[in-house]
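for reference, the sequence and a predicted model appear below.
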Amino acid sequence: MKVIVCFKEAPDLERMAPADWETDAALKPDTRFVPTVLNVYDESALEMALRLRDAARGREKTTELIALTVDSVSPPRMLKNLLALQYDRVVKIESSLDLRFHALAVAKLLAAFIKTQDDAPVIFCGVRSNEGDNGKTPLLLAEMLGIPCITPVIDATLAAPDESLDVTVDIDGWRVGQRVRAPVVLAVGNVAGSSLRIPTLKDKMRVKGREPEMILPAGIDVEEIAAVMAREEELVSLKTERQKRDTAFVRGQDMAETAAIFYNQYLKKRAGI
Amino acid sequence: MKKIMVFGGRMPDIEGQIKELNAFCRLYLAGEIETEAWMISDQDLNMAQMTVTPEVSRIKLVKVRNPYVAEEYLAVIQALYGNTHYSPDTGPFLLFGSGSFVSALAVRAAYRLNGVSCVGVRKLRWQNERLLAEKMVYSGHLVAEFQLKKRPCCLAISPGFRDGSMIQASGVEPENFTVADLTVAAGDWPRTYRCDRTIDAAGLTAAALVLAVGWGIGSRENVRQTAELALQLGGELGGSRPVVMNAWLGMEQLLGTSGAVVAPEACLVFGASGSAAFKVGIEKSKWIAAVNCDENAPIFQYADVAICGDCREFISELLQYVNREQRSGDEIVYDRNSTAK
Amino acid sequence: MKLSREQIVNRLQEMLGRERVITDEAVLKASSIDRFRKYEDICGVYTRPVPAAIAQVGNEEQVAKVLHFMNENKLNAVPRTGASATEGGLETAVENSVVIDGAGMNEIIRIDTYNMLATAQCGVPLQVLEDKLREMGYTTGHSPQSKPLAQMGGLVATRSTGQFSTLYGGIEDMVVGLSAVFPNGQIIRVKNVPRRAAGPDIRHVIIGSEGALCFITEVTVKIFRYMPENHRFYGYTLDSMKTGFEILREVMVEGYRPSIARLYDVEDGAFHFSHFAADRCVLIFMAEGAKGIVEVTGQAIEAIVSRYSECNAVDSRLIERWFTHLNWGPENIARERVEIMETQNIGFTTEVSGCWSIIHEIYENCVRRIRDEVPDITMVGGHSSHSYLNGTNMYFVYYYNIVDCKPEEEVMKYHDPINKIIVEETIRLGGSMVHHHGIGKARAQWIKEEYQSSYYVLETLKRAFDPEGIMNAGTIIPLPVK
């Protein structure tokens, strides 16, 4: 079985200072001053794939795991950690384009790499990234590859005895369980308990000397992609929204009094519902 | 330009989609004359039994084999779209609700119809012949406006559009359509399939009072106490992503970018610092009270009433106070029956 | 005859009233440990004797009454305020202990801006006092990472230090006077004066006593003018820790007092600074105080660092953003619990100190040995964060995956061996095994090696003030090995 996980590292937006949100001429906030983190959905996807690999151990066919990213910010240390966690390949597609809001271009780059693979893969993606909030990449990737897409996935386990997967989806108040097989795109949503495991120093030593691959897939014309991006949509403004409310602070002598004041003077007034 | 509302999934989700799309269209697409609704479901939809109807002049009903298999719905959309011809200038709007299933349909339909899509649209306007769609990006920190250049334009709206009015049956007679080769659309995939109702998602979004907890609540035990307070006050309980990820609350109680967006009369926020992703979930509330031990917590910037202190202590005191009030026979402010169940 | 649990609870209830005596089983279990055994806590496995009760004292007289009762009946008392301890100091090591919780004594008694003094009861959270002072344009100058959790009594009892210690000193430099209750019920007060030479400074009997001699009820600390508008941040990346220690030394020896002077190694730095310092050490300074002093200090730092060509300056905003998110509040602890549960990866810290001539060797030896000798390590590194004229501290940070190990075996399999390496190497080279977390119970086993011949004074203090050995048994001085 071949499993490809598409992931992205992005700035930790909760650490931005108010001043950093002012955008420049290229309509970009200044994210240079904050560390980067794995996009949360992608982190779940990376761990989910590792669990599939663990479950498949001892079976006849081997599992090949590929971690694939299109970005410019992933620190090399993070990519190496994925190798240490025994991802067989960690591939970074290099592009100089501003892809924040162009899921179509991201999907094209991912698809170009995936098409070079011989076997039909199970492809994991996070449902969306924390910068662009596009919510489109896995869907467009599936369309380009002409394969099904299931979203938002909360669990994927190996179904005995073949290479099918049992996939669970939480969708608008319904839980859908289905058995599927590759090729398929699984867009990973909110999964509880899915932090990415951490490699030991020994794991890291084992992959010493191995480097993530930096590639530009064959058949990719960056200018053509830029042209496609320009024909689709264009970002015209990017602003913070200031809607500060007039905040009244409630302070009593102690918490019991604060609670009483809050209840009588504020909460009770909201009675007319 | 033509406006097509596309509804997909099952009841009662479809009713929710009708309400939100009616509200959105009244604000931003009221002028369109040629209007249609495509209603796609594996269920036999009975328009007469619905509490709302889409505000359109024509309704097409199509039945699919499975609930929530996107490939079947997409085949239907392609088929319905393919029967009509549009010039590039008048290429239509395909409007989808805010749920994750229909939002995904919007993106994939746009690709198949060679159009453009946008997910989470909260405003739409024209400027010098340019169509501009507004949505939240950067996890709710920033507002972006995009010019959408291709047609058809497949828009999935942002959650939170509310339609207060109950529209009586419009008198539009739904027409039944069939799309022949759905088997081909989905192939032999999936191999097995089951679909169960998990929760009544409407509980949180329809509540008049919402209690929202963040990391600062500290423990599952404290969440339980907050649940008791919610019960006493007749409100619904929700939480930030970390709280839900910690299994202190169910996934259906998630508030924010990746969960429910609520707009109650009152929202009490306990121990949430106010990350942008969480803010999106509660900022439409008419009135917000926040308790946090950090006076500089961002949550206070969008709270009407702020209490600086230990939220756990506050919850405990408020609960005791409310219990005493109740015992003394005072009228209790929130009537449990008034919140939709 | 020893009192039964029930009798203890009854007597405490008579003294304090029912509502001040907590006997809820879950709370008692959680109170049998501190963050040293956070893994046991997360797994819900408690291996320490569960205390008989938690006594929530409300005033000095109640403390005296409870201690007197416990002393008479030879019952172990564990004093506690903010409960952010990390070294086992709050573990109830013997049966039928009573946790004396001073968190309810949380009144700020006086802020005297003329004499520059603030007096607070033991249960005042430092964050509350600091916020109040800052509103008035002052600061305690004390800023441990635990500021959102820690309370004044515990901060003094553990001889804590803060992020700005290089300028303001540790808590021992801040405490002007204090009040405490001894196990026989004796209430004592050390008055507030700018200096005294009337014999030994008895404040230091109490500061750092970790609840093993007395219960601290009230403290008076210095306050300083707070001028955040003058704050300046400086950051550099560099190749080696050795160079970093040299630079820290030069800044101190040349007489400058930045409020922050920190040096991170590559591994620890990767946690915080991966976005600008890939595989490099990081050196950080902050200057604060009056404008002229800040300017001179800043210029001196820049001049000193410029002598070392391997240092590259970084944008000061990188340092400011990092600094904003440095402290640990309840939400960090909640998040940490989840991460440990999900990944079975857990992190701890051990802090030591040494003079300039040995600190680099301490650093190198400890990191190398932990890496080589302890299984399942995922990260080991550290930083220096408190510098002095004579030397600096080393704050070791280490994470490991818990593999094939019951919750109750975690300390034995991983944490103790790591502590042993750090303590052994530090003491062998002539440093101190504890810089600011306290000895607690975790490091009490090496107390004689730490004190050597001066252990006589420590032992005598304990015997003199706590003859029945009822104060926080096992802390500072270990329990006899069974």
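Thanks, I have the structure now.

just the mean pLDDT for stretch C:99-117, thanks.
Averaging pLDDT along stretch C:99-117 gives 96.

what residues does the stretch 1-150 of chain A put near chain B?
A:13-14, A:16, A:21, A:23, A:29, A:40, A:101, A:104, A:127, A:130-136, A:139-140, A:142-144, A:148-149 (CB under 8 Å from any CB of the partner chain). Backbone N, C-alpha and C define where each C-beta goes, glycine included.

report the separation between the residue of the stretch 151-300 of chain B found nearest chain C and B:Lys279.
Nearest residue of the stretch 151-300 of chain B to chain C, counting by CB to the nearest CB: B:Trp215, 3.6 Å away. For B:Trp215, the distance to B:Lys279 (CB to CB, to the nearest Å) stands at 15 Å.

before we move on, the earlier item: next step: the residues of the stretch 1-150 of chain A next to chain B restricted to strands.
Members of the residues of the stretch 1-150 of chain A next to chain B lying in strands (criterion: DSSP state E): A:Cys149.

considering only the residues of the stretch 1-150 of chain A next to chain B, which also neighbour chain C?
A:Met16.

next step: the residues of the stretch 1-150 of chain A next to chain B restricted to helices.
A:Val40, A:Leu104, A:Leu139, A:Leu140, A:Ala142, A:Glu143, A:Met144 (DSSP state H).

need those residues in TSV (columns: pLDDT, distance to C:Gln127 and neighbour count).
Formatted as TSV, those follow (pLDDT from 0 to 100; distance: CB to CB, whole Å; neighbours: other CB atoms under 10 Å in any protein chain shown):
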residue	pLDDT	distance to C:Gln127	neighbour count
A:Val40	91	29	24
A:Leu104	94	48	26
A:Leu139	98	46	30
A:Leu140	98	48	25
A:Ala142	97	50	29
A:Glu143	97	52	22
A:Met144	96	53	18
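
just give me the closest of the residues you listed to chain C.
Nearest member of these to chain C, counting by CB to the nearest CB, is A:Val40, at 12.6 Å.

didn't that closest one look like it was pressed against A:Arg128?
No. Judged on CB atoms under 8 Å, A:Val40 makes no contact with A:Arg128 at a distance of 9.8 Å.

can you pull out the helices in the chain?
Defaulting to chain A. Under DSSP H, chain A gives helices at A:40-56, A:76-84, A:103-114, A:137-145, A:201-206, A:222-232, A:255-261.

that was the other one, I meant chain B.
B:13-28, B:70-82, B:100-112, B:182-186, B:202-206, B:220-233, B:241-245, B:276-282, B:311-327.

make JSON lines from those helices and add distance to chain C to it.
Below are the helices of chain B laid out as JSON lines (distance: least, CB to the nearest CB, whole Å):
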{"stretch": "helix B:13-28", "distance to chain C": "31"}
{"stretch": "helix B:70-82", "distance to chain C": "30"}
{"stretch": "helix B:100-112", "distance to chain C": "24"}
{"stretch": "helix B:182-186", "distance to chain C": "35"}
{"stretch": "helix B:202-206", "distance to chain C": "22"}
{"stretch": "helix B:220-233", "distance to chain C": "8"}
{"stretch": "helix B:241-245", "distance to chain C": "6"}
{"stretch": "helix B:276-282", "distance to chain C": "12"}
{"stretch": "helix B:311-327", "distance to chain C": "9"}
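
adding mean pLDDT and mean neighbour count, write those out as a markdown table.
A markdown table is the format used below for the helices of chain B (pLDDT from 0 to 100; neighbours: other CB atoms under 10 Å in any protein chain shown):
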| stretch | mean pLDDT | mean neighbour count |
| --- | --- | --- |
| helix B:13-28 | 92 | 21 |
| helix B:70-82 | 92 | 21 |
| helix B:100-112 | 96 | 25 |
| helix B:182-186 | 66 | 16 |
| helix B:202-206 | 76 | 19 |
| helix B:220-233 | 90 | 18 |
| helix B:241-245 | 80 | 23 |
| helix B:276-282 | 84 | 26 |
| helix B:311-327 | 88 | 19 |
